[in-house]
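Participant: Let's see this in three dimensions:
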Amino acid sequence: MSTQMAPPSDTNPGLSSGAMRRREQGERLREARSRLYESAQQAAEANNWAPSTVRAHENGTRTVTVGWAIDYGRTYGVDPKWILGEDTKRPRIGHIVNLPNTTSPHRKQPTQKTTPRSL
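Facilitator: Below is the predicted model:
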């Protein structure tokens with residue numbers, strides 16, 4: 001069974017276009033996050049995210065989905081399109097408005113203690 005890799009990008013012949021996109025997303029995330037938190041670990045803990053996911057996004061080893069871009073955008077105060085690389089204009093950090101105010105599916109839910117029901 002053979003798998004085909006994406007062709008190398010024009011700007012870095014050693015990296016596929018997907019790898020370049022992930023790396024650029026990670027650099028943008030790190031820039032936005034660093035204005036509020038010292039580390040990915042701190043950001044993850046403060047927002048109930050899995051630390052390994054935040055590190056993977058910042059390191060460019062995992063693609064940032066639209067849902068994650070919205071979460072990061074809301075938290076870090078940047079346009080999710082900028083995080084995804086769809087808008088190359090550098091945002092003013094903390095200037096974003098009008099993001100949907102929904103509960104994120106990416107936040108870990110607090111564990112609930114249950115009490116046994118009486119029969």
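
Participant: got a pLDDT number for the nearest residue to D87 once chain neighbours are set aside?
Facilitator: Computed as CB to CB, 6 or more residues apart in numbering, the closest residue to D87 that is not its neighbour in sequence is K81, at 4.1 Å. Quick note: C-beta positions are derived from backbone N, CA and C, even for glycine. pLDDT, K81: 91.

Participant: ok, K81 - how many residues close by?
Facilitator: 16 (other CB atoms under 10 Å).

Participant: gap between W49 and D71?
Facilitator: Between W49 and D71 the computed distance is 8 Å (CB to CB, to the nearest Å).

Participant: repeat for A40
Facilitator: 14 Å.

Participant: Show me which residues of the longest helix belonging to the chain are buried.
Facilitator: Ranked by number of residues, the top helix in the chain under DSSP state H is helix 17-33. Across helix 17-33, burial judged by 16 or more other CB atoms under 10 Å covers 19-26, 28-29, 31-33.

Participant: Now the residue nearest to D87: which helix or strand?
Facilitator: Per DSSP states H and E, K81 falls inside helix 80-84.

Participant: Point out the other helices and strands that that helix packs with.
Facilitator: Helices and strands touching helix 80-84, by 3 or more CB pairs under 8 Å, 6 or more residues apart in numbering; DSSP states H and E, are helix 17-33, helix 66-76.
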